[in-house]
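Q: what's the 3D shape of this:
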Amino acid sequence: MSLARTNTELGDEQKHLDEVVEEGQVGLAEYEQSKLLGEITPEQNKRIQRRIDLFILPLFLITQTLQYLDKTALNYAKVFGMEKAMGMHGNQYSLGAAIFYIGYMFAQPGWSYLLGRFHAGRTLGVAAIIWGILVLVMVWSKTFSHVMVTRFFLGVFEAAVTPGLSLMTAWWYKRGEIPLRQTIWYSAIGWGGMIGSLMAAGITKVRKIHFPRSRPQLSDHPTPRWKLIFYILGSLTVVIGLVLFFFMADGPSTAKWIKKDDRPAAVARVAQSGVGMKTTTFDWKHGMEAMTDPKNWLLSIAMFGSSVPNGVLTNFSGSIIKGLGYSTLNAALLDCAGRSLQVISLLIAGLVATRWANTRLLMMTVGNVICVFGTALMSFLPFTKQYTWARLIGFWLVNCQSIGFTIGLVMISSNIGSYSKRIVTSSCVFIAYCVGNIVGPMTALESEAPRYQTAAYCMMAGYILKTVCHCLLWIYMWRENRKRDREGPADPVQAADNGMRGMTERENRHFRYVL
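A: The predicted structure is shown next:
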């Protein structure tokens, strides 16, 4: 087919494409154009995939790493005496950790909508710049009240990141490519944990450091070590926010680093998933459908179950390891070892789920079972020197919790059609995430330090709940696939068309769930 003929046909369809834009279905015009250009060749598919991997994965990975470090900076600052400097006592540290998730919970639905309504890169960049500034503001906090206010707004602006990146991954990648890519960028929490531990270990070696003072007579007073954490992380976050604002593309249909001739094919690749891309408008009917969907509630309950232990680990990992009898330096290095397991387990699960079809829920279940075993060691082994290493191994094993969390988010991007429905489902799941992370730190009672027995029991219960929900989710989607197969064979082309026109997976009978 000649290029001239293609342009003529596109001109004849201009009225239809204008209607597409009005409906807010981003990428649909390019998808229609791709039909006229023929099938994507393997070489073209590989070229596009490599370009996306080169530009998108590093940005997602770095952004998620800084988000995790900024969120958990309080954990490291506690080790270096921030709690004492602020005059915190009782459960005030736990409240400071928990209020982050209150801000996160209220802001997250709005961010998911804004990322669809406006340019995603600029929206995410603005959020990153502001939360980086808030991390720097922590340096000037002098009281518990200051910490609470700053942490609340930190949660508000960091709420754009993990939910946003999960939704955005489905704009760039085919359904079969998502598990590995999502586990790669979400392995940032493991990398972030290692970087944070090494940073803390390095700061233990710092004797004195002086920042310029407005009053020379104060220049002899060294900057407290805990403040160095916020100086470093806040500055880096502002820089990455500027990079996102100026260089992050809104999607494959507008990415300048994808050749113009390849953009329709880049959109067509994503369309094969049958769930569409993003819309600039919100469909209330599809939003309400999400509220009656069993998948939404099973994913949300599972997320709550996993987030209770996550709330403990995020804010008390250093204290738990130090409580086993290790110095601050050794506790940081041992935590780093656990984070290494987190990265390795995530990448293995992502590779398996990408290489073999319908193994996603299997990988989630394996990760959950490992976590149950790890928390059993923490819960029931005697708190004596003889069992120190066994308890430490149990603590390391719970880092496998990220498998269920990450691939659970893949379930939203791969199995929920209509961007409006994905927004609502994602919001419900992350509200459950926030509630769990609020509850989690409250189970770590100061009176039980350093063993935190109640927290260990609650962690194990959360993992068991998560495992049950994932098994029920597998049964539900497997039965639904069987039911649709009895109705007739699926047409992948029609499934892609329906998805790009904003149909939900319930409405799109040619859609099949990936398990």
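Q: which residues in the stretch 101-250 of the chain form helices?
A: Assigned helices in the stretch 101-250 of the chain, in chain order: 120-137, 144-158, 162-172, 178-186, 188-204, 225-247 (criterion: DSSP state H, counting those that start in this stretch).
Q: ok, of these, where does mean pLDDT dip lowest?
A: The stretch with the lowest average pLDDT out of the helices of the stretch 101-250 of the chain is helix 188-204, scoring a mean of 84.
Q: returning to what we had before: Throw the helices of the stretch 101-250 of the chain into JSON lines and include distance to residue 499 and mean neighbour count, thanks.
A: Placement of C-beta: from N, CA and C, glycine included. Listed next are the helices of the stretch 101-250 of the chain as JSON lines, based on distance: least, Cβ to Cβ, whole Å; neighbours: other Cβ atoms under 10 Å:
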{"stretch": "helix 120-137", "distance to residue 499": "19", "mean neighbour count": "22"}
{"stretch": "helix 144-158", "distance to residue 499": "30", "mean neighbour count": "20"}
{"stretch": "helix 162-172", "distance to residue 499": "10", "mean neighbour count": "24"}
{"stretch": "helix 178-186", "distance to residue 499": "14", "mean neighbour count": "24"}
{"stretch": "helix 188-204", "distance to residue 499": "29", "mean neighbour count": "21"}
{"stretch": "helix 225-247", "distance to residue 499": "27", "mean neighbour count": "19"}
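Q: helices of the stretch 301-450 of the chain, start to end?
A: For the stretch 301-450 of the chain, applying DSSP H, counting those that start in this stretch gives helices covering 328-355, 360-380, 388-397, 401-415, 419-443.
Q: okay, the ones you listed in CSV with mean neighbour count next?
A: Putting the helices of the stretch 301-450 of the chain into CSV (neighbours: other Cβ atoms under 10 Å) gives the following:
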stretch, mean neighbour count
helix 328-355, 20
helix 360-380, 22
helix 388-397, 18
helix 401-415, 25
helix 419-443, 24
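Q: out of these, the one nearest residue 199 is which?
A: helix 328-355 (8.5 Å; Cβ to Cβ).
Q: output the contacting helices and strands for the closest one.
A: Contacts of helix 328-355 with other secondary structure elements, assessed using 3 or more Cβ pairs under 8 Å, 6 or more residues apart in numbering; DSSP states H and E, are made with helix 42-79, helix 178-186, helix 188-204, helix 294-322, helix 360-380, helix 388-397, helix 401-415.
Q: using CSV, write out every CA atom in the third one.
A: Output for helix 188-204, consisting of C-alpha atoms alone and laid out as CSV, is shown next (Å, rounded to 0.1, in the frame of the first residue of the first chain):
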residue,chain,number,x,y,z
ALA,A,188,13.0,0.0,43.2
ILE,A,189,11.8,-0.6,46.8
GLY,A,190,14.5,-3.3,47.2
TRP,A,191,17.1,-1.1,45.5
GLY,A,192,15.8,1.9,47.6
GLY,A,193,16.1,-0.2,50.8
MET,A,194,19.7,-1.1,49.9
ILE,A,195,20.6,2.4,49.0
GLY,A,196,19.0,3.7,52.2
SER,A,197,20.8,1.1,54.3
LEU,A,198,24.2,1.9,52.7
MET,A,199,23.5,5.6,53.1
ALA,A,200,22.7,5.1,56.7
ALA,A,201,25.9,3.0,57.1
GLY,A,202,27.9,5.8,55.5
ILE,A,203,26.4,8.5,57.7
THR,A,204,27.5,6.5,60.8
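Q: that older thread, so which of the helices of the stretch 101-250 of the chain gets nearest residue 502?
A: Sorting these by Cβ to Cβ, the top spot, which is the nearest, belongs to helix 162-172 at 13.8 Å.
Q: just to revisit the earlier point, kindly reformat the helices and strands packed on helix 328-355 as JSON lines containing distance to residue 229.
A: As requested, the helices and strands packed on helix 328-355 are arranged in JSON lines below (distance: least, Cβ to Cβ, whole Å):
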{"stretch": "helix 42-79", "distance to residue 229": "5"}
{"stretch": "helix 178-186", "distance to residue 229": "23"}
{"stretch": "helix 188-204", "distance to residue 229": "7"}
{"stretch": "helix 294-322", "distance to residue 229": "12"}
{"stretch": "helix 360-380", "distance to residue 229": "27"}
{"stretch": "helix 388-397", "distance to residue 229": "22"}
{"stretch": "helix 401-415", "distance to residue 229": "23"}
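Q: pick out the shakiest of the ones you listed, pLDDT-wise.
A: Lowest mean pLDDT of these: helix 188-204, a mean of 84.
Q: what is that one packed up against?
A: By contact count (3+ Cβ pairs under 8 Å, 6+ apart), the secondary structure elements abutting helix 188-204 are helix 42-79, helix 225-247, helix 328-355.
Q: mind doing that once more with 10 Å?
A: Helices and strands in packing contact with helix 188-204 are listed as helix 42-79, helix 162-172, helix 225-247, helix 294-322, helix 328-355, helix 401-415; criterion 3 or more Cβ pairs under 10 Å, 6 or more residues apart in numbering; DSSP states H and E.
Q: got the contact list for the most centrally placed residue in the chain?
A: Centroid check for the chain by Cα atoms, centre = their mean gives residue 162 as the closest residue, at 3.2 Å. Residues touching residue 162, when contacts are defined by Cβ atoms under 10 Å, 6 or more residues apart in numbering, comprise 63-64, 67-68, 71, 104, 108, 185-186, 188-189, 405-406, 409, 426, 430, 433.
Q: one more: residue 458?
A: Shown here is residue 458, whose contacts under the criterion Cβ under 10 Å, 6+ apart are 308, 309, 311, 312, 375, 379, 439, 440, 442, 443, 444, 452.
Q: what's the helix or strand for it?
A: Assigning secondary structure by DSSP states H and E places residue 458 in helix 453-487.
Q: what residues of stretch 445-454 count as buried?
A: Neighbour counts using 16 or more other Cβ atoms under 10 Å place 451, 452, 454 of stretch 445-454 among the buried residues.
Q: looks like the last one contacts residue 445 (just checking).
A: Yes. Taking contact to mean Cβ atoms under 10 Å, the distance of 5.7 Å between residue 454 and residue 445 places them in contact.
Q: contacting residues around the closest residue to residue 401 other than its chain neighbours?
A: In space, not counting the residues next to it along the chain, residue 401 is nearest to residue 371; the distance is 4.9 Å by Cβ to Cβ, 6 or more residues apart in numbering. With contacts defined as Cβ under 10 Å, 6+ apart, residue 371 is in contact with 306, 309, 394, 397-404, 459-460, 462-464, 466-467.
Q: do that again at 8 Å, thanks
A: Counting by Cβ atoms under 8 Å, 6 or more residues apart in numbering, residue 371 makes contact with 309, 397, 398, 400, 401, 404, 459, 463.
Q: what's the distance between it and residue 394?
A: Using Cβ to Cβ, to the nearest Å, one gets 10 Å for the distance from residue 371 to residue 394.
Q: try residue 442
A: With distances taken as Cβ to Cβ, residue 442 is found 22 Å from residue 394.
Q: from what I can see residue 495 touches residue 511, true?
A: Yes. Under the criterion of Cβ atoms under 8 Å, residue 495 is in contact with residue 511, at a separation of 5.1 Å.
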